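Chemist: Generate a structure from the sequence data that follows.
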Amino acid sequence: MKELLYNTALETGINLTDIQLEKFQIYYNLLIETNKVMNLTSITEEKDVVLKHFIDSLAIKNYIDISNGRVIDIGTGAGFPGIPLAIIYNDTQFTLMDSLNKRINFINTVMEECKLYNIETVHSRAEDLGHNNVYREKYDYCVSRAVAAIPVLLEYCIPFLKTGGKFISYKSEKAEEEISLSGNAQKKLGCRFDKLYSFDLPGTDISRKFVVFEKIKTTNRAYPRQAGKPKRSSL
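Modeler: Residues are numbered from 1 along each chain as shown. A predicted model of the protein is given here:
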């Protein structure tokens, strides 16, 4: 796995150290073993995990520098993109949040085995945590991967950002369509569309996109709305 990851990362312009590769190997082993008894991912083939989980998570490095900041990963699931990013950005502080405690327990195990001291985990829903003053408007960056449509994601994520902070949504198809439907959410939450980056996963025809929004003013305390409402009725 390490050789495949090293070579594939190099194709994307990312040079991984031996220590980083060893941490990815431990993460991979834990993911595959735990997935036998817990539904963490449907992607289990070595090449697919490397491309669709690890490289996909890391590719942001080519477009946005998140070093020396505070990052929150909303709906992290099995730790994507938060854990791969924490492995290569050891000077950045990460908060990984998920609504399922069993996933958080898995991530805690990965953190311990990989000696990742720049991660904290939180078991919560975004709608609840977004009103907690310990986390609200405290982050330079928010990332989220395959969680919901952009208008919904904005309500989940923008409240966590400082003014001037960036929300980066990991997307595939329909990104432009989702952006076009997010105007009202942008206005109400105090953010604006910034940039759209597109790239292909190495050696595949899989197209991926990073959609970036910038927070331009403090978010009204009415948002996020109560649990479940953003998804049922997006802004």
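Chemist: can you list contacts of the longest helix seen in the chain?
Modeler: Criterion DSSP state H: the longest helix present in the chain is helix 18-35. By Cβ atoms under 8 Å, 6 or more residues apart in numbering, the list of residues contacting helix 18-35 from outside reads 1-2, 5-6, 16, 40-41, 44, 46, 49, 54, 78-79, 83-84, 87-88, 106, 109-110, 113-116. From N, CA and C alone the C-beta is placed, and that goes for glycine too.
Chemist: Can you flag the buried ones in the residues you listed?
Modeler: Buried members of those, scored by 16 or more other Cβ atoms under 10 Å, are 1, 5-6, 16, 40-41, 49, 54, 78-79, 83-84, 87-88, 106, 110, 114, 116.
Chemist: before we move on, back to that, just checking, next helix/strand downstream of the longest helix of the chain?
Modeler: Counting by DSSP states H and E, the element after helix 18-35 in chain order, helix or strand, is helix 46-48.
Chemist: Against which helices or strands is the next helix-or-strand element following that next one packed?
Modeler: Counting by DSSP H and E, the next helix or strand C-terminal to helix 46-48 is helix 56-58. Of the remaining helices and strands, those touching helix 56-58 by 3 or more Cβ pairs under 8 Å, 6 or more residues apart in numbering; DSSP states H and E are helix 82-88.
Chemist: Skipping its backbone neighbours, what lies nearest L16 in space?
Modeler: Spatially, and ignoring its direct neighbours in sequence, L16 is nearest to A9 (5.1 Å; Cβ to Cβ, 6 or more residues apart in numbering).
Chemist: what's the distance between the longest helix of the chain and the middle of its chain?
Modeler: Here helix 18-35 is found 18 Å from its chain centre; the criterion is Cα atoms, centre = their mean, to the nearest Å.
Chemist: Alpha carbons of that helix, in CSV - could you do that?
Modeler: Output of helix 18-35 as CSV, limited to C-alpha atoms (Å, rounded to 0.1, in the frame of the first residue of the first chain):
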residue,chain,number,x,y,z
ASP,A,18,8.4,7.6,5.3
ILE,A,19,6.8,8.6,8.6
GLN,A,20,3.7,9.8,6.9
LEU,A,21,3.5,6.7,4.8
GLU,A,22,3.8,4.5,7.9
LYS,A,23,0.9,6.4,9.4
PHE,A,24,-1.2,5.9,6.3
GLN,A,25,-0.4,2.2,6.4
ILE,A,26,-1.6,1.9,10.0
TYR,A,27,-4.8,3.9,9.1
TYR,A,28,-5.4,1.6,6.2
ASN,A,29,-5.0,-1.5,8.2
LEU,A,30,-7.3,-0.3,10.9
LEU,A,31,-9.9,0.9,8.4
ILE,A,32,-10.0,-2.5,6.6
GLU,A,33,-10.1,-4.6,9.8
THR,A,34,-12.7,-2.4,11.6
ASN,A,35,-14.8,-2.3,8.5
